[in-house]
Every structure is written in C-alpha cells, then in structure tokens.
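**Q** Requesting a structural model of the entry that follows:
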Amino acid sequence: MSCASLIGLLMATLFVASPASAMNPAQRLEPPQPTESATADLVERASDAVKRGAFSEAISAFEQLSDRGYLNPDASYNRAVAYLQRAESAKQKPGDLGQAAAGLREAALLDRGGPSAEGLLTAVRQEVSHLRSRQGRDPVVVQPELGRALTSLVSEQLWGFVAALGSLALSLGLVLRRSSDATQRLAGLSAAYSGAVVLALFGALTLSAMRYRQTSQEAIVVVDEARLLDASGNALTAKALGVDTTAIPEGASVYITAQRGTLLSVSWGTLRAWVRRSDLRPLGPVQHLSDSL
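**A** Sure, this is the predicted structure:
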C-alpha cells in the first residue's frame, strides 16, 4: 500500500480533536493539560491545516501541542495524517513514516475503543517493509516477548478484575465448606479450588502487567534505522547480538527500560540493547527511568 493510499484511508476517518475529549483512565498517558483556550486555538489551527493539506503548518502546531504535554487520541491521529502527507510530498524527510506510526500507536493507546488506528498502523509498517524491500534490505521481524505479549492482550484493570472474581469465588467456597450440608460442602470445595486457580493465574498476570507499566515505556523508531549499541555507545555486531540484524527499522515499537545520558536501553522483542535517544519517540510523557539497568 502506497503512502497516497494510506493518506486516503486516514483522511476518510479524520478526527477533529477537542481539548475536552475523554481519555481512557486505564492508560498512563495522562500529563497535566495546558490552558484550555490556548490549547483549543492551537488544536483547531492544526486540524484545519491537516484538512487543507498544509502539512508543515499542521506538524508545527501538533508538535507544539506535544511539547506542552497535550495528549488526545484525535490529535495524535491527525498528527499521523500530517506526517504521511509530508512523506508523500517532495518535502519528505527521513523518519516521516516512523512519526506517523508513533501518532497512530499513541492514538490507539489513548483510545482503546478505536480499532482504526491499530489497523492503519499495520499498514504504515507494511509500507516501511515495502520500501526496505525496494532498497534491497530485508524486512526485519522479531518475536515479541511472551510475557509482554500475553499481558497486553487486555488492560491491566481487566486482569485485576478477573483476579478479584477468583478471590471472591475462593472466599465463597471456604464459607460453603463449613456448611453442614454435604452438597454445599462439595460445591464449596469446587468453588474454592476454581477460585484459587483463577486468583493465582490472573493475579500473576495483573502483577506482570503492573511491572511492565512501571518499569518501561513504549517508544517508536522515528529514523530510517536505530543502530543497536552497547552501554558505551559502540555499535554492536550481529554476532554479538546473536541475531541477523544490527538495527531496528523505522516504525517499530520498542520499550525503554533505562536511560544513560544520550542513550536509552530498550527491549525489542527478546533483544536487549542501547540506542540513541534521538532515534526514538516515546509515547506519552517522558518517564524518569533508572540511569542504569
């Protein structure tokens, strides 16, 4: 799918962001919002620029909003449109598709109920793979970390809710086991056993999701390739990494786990390495992560 086709799909579902738009409280992307009136004017100007195809003006306005800490799924989505518009123009810049991917992924995180952003994000990444193929570079595919992939299937709150149901079933079962009625004791035994299994399994998933949320931050590669480095900033070889690549492609998701000066420690699938801070766009407000692993 070409950039022009992607822009068509995005424009067909273009949103006008509103400062009052609700965000999913289950997400961490909740920084303090700037002054309402100033934000409203800038949002309106940015959204209007996207509709007119004035991508340079739109990108400038949306980046101002981002610098102010403004987060809104519609604004993130429209920012992606602006970057895709520039990617299709003669003024395209390296990393435009990565910036578009970052906007779409951020929109998806801020609005779990909107499936369109995730679908278009896949299309953008397919376009990146297509361009890499035309340049004689193989598409890079990594296997996701199993634990993170599992816990990200649903929200942390849902895992916790199911764990709470297991705890309730366990408690009810223990109460019924004290009954003088044999049938109720048997039902209590069954409920207690089932509740204990559910509590243990989903409690572990809840804790895992919480740990990932508190110790890492998702980011998108916004350069042609993010070179994989060691902790001193030296380029790593494929042999040292034990994989067939030495760089992360544009538009890929990574998780920042630590920072040290201008370097960020990231996990990419099962791979752990360092990259330059300028190669990534963190999703949401920058977190204060540890200075070392």
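**Q** So which residues of the stretch 101-250 of the chain form strands?
**A** 217-221, 225-227, 247-249 (DSSP state E, counting those that start in this stretch).
**Q** neighbours of the nearest residue to G95 once chain neighbours are set aside, just the number please.
**A** Once flanking residues are discounted, G95 sits nearest to V222: 4.5 Å by Cβ to Cβ, 6 or more residues apart in numbering. The way it works is simple: take the backbone N, C-alpha and C, and place the C-beta from them, glycine included. By other Cβ atoms under 10 Å, 22 other residues sit near V222.
**Q** got the angle for the longest strand along the chain vs strand 217-221?
**A** Identified as the longest strand of the chain according to DSSP state E is strand 253-260. Orientation of strand 253-260 against strand 217-221 (axes from the mean of the first three to the mean of the last three Cα atoms, to 10 degrees) gives an angle of 110 degrees.
**Q** Flag every buried residue along the helix or strand just after strand 253-260.
**A** On the C-terminal side of strand 253-260, the nearest following helix or strand under DSSP states H and E is strand 263-268. By 16 or more other Cβ atoms under 10 Å, the buried positions in strand 263-268 come out as L263, L264, S265, V266, S267, W268.
**Q** same deal with stretch 227-239?
**A** R227, L228, L229, L236.
**Q** Could you dump these into TSV with distance to E63 added?
**A** Output for these, formatted as TSV (distance: Cβ to Cβ, whole Å):
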residue	distance to E63
R227	24
L228	27
L229	26
L236	31
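**Q** Relative to S216, which of these is nearest.
**A** Nearest to S216 among the buried residues of stretch 227-239: L228, at 17.3 Å, using Cβ to Cβ.
**Q** sorry, back to before: wait, isn't the residue nearest to G95 in contact with G98?
**A** Yes - shown here, V222 and G98 form a contact pair, counting by Cβ atoms under 8 Å, at 3.8 Å.
**Q** Which neighbours do these two have in common?
**A** E250, R281 (Cβ atoms under 8 Å, 6 or more residues apart in numbering).
**Q** hang on, the earlier thing: report the contact partners of the residue nearest to G95.
**A** Neighbour list for V222: G95, G98, Q99, A102, E250, D279, L280, R281 [criterion: Cβ under 8 Å, 6+ apart].
**Q** got JSON lines for the residues you listed, with distance to K51 and pLDDT too?
**A** Shown next, in JSON lines, are the contacts of V222 (distance: Cβ to Cβ, whole Å; pLDDT from 0 to 100):
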{"residue": "G95", "distance to K51": "24", "pLDDT": "93"}
{"residue": "G98", "distance to K51": "23", "pLDDT": "95"}
{"residue": "Q99", "distance to K51": "19", "pLDDT": "96"}
{"residue": "A102", "distance to K51": "21", "pLDDT": "95"}
{"residue": "E250", "distance to K51": "26", "pLDDT": "93"}
{"residue": "D279", "distance to K51": "31", "pLDDT": "97"}
{"residue": "L280", "distance to K51": "29", "pLDDT": "97"}
{"residue": "R281", "distance to K51": "24", "pLDDT": "96"}
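**Q** quick one: which of those residues sit in helices?
**A** G98, Q99, A102 (DSSP state H).
**Q** Run through who's touching the longest strand of the chain.
**A** Outside strand 253-260, the residues touching it (Cβ under 8 Å, 6+ apart) are 105, 148, 212, 215-221, 226, 231, 248, 264-268, 272, 274-275, 277, 280, 282, 287, 289-293.
**Q** sorry, back to before: and the buried residues of strand 263-268, which is closest to G188?
**A** Once Cβ to Cβ is applied, the member of the buried residues of strand 263-268 that ends up nearest G188 is S267, at 43.9 Å.
**Q** hang on, L150 packs against A204?
**A** No - with contact defined as Cβ under 8 Å, L150 does not count as touching A204 (10.2 Å).
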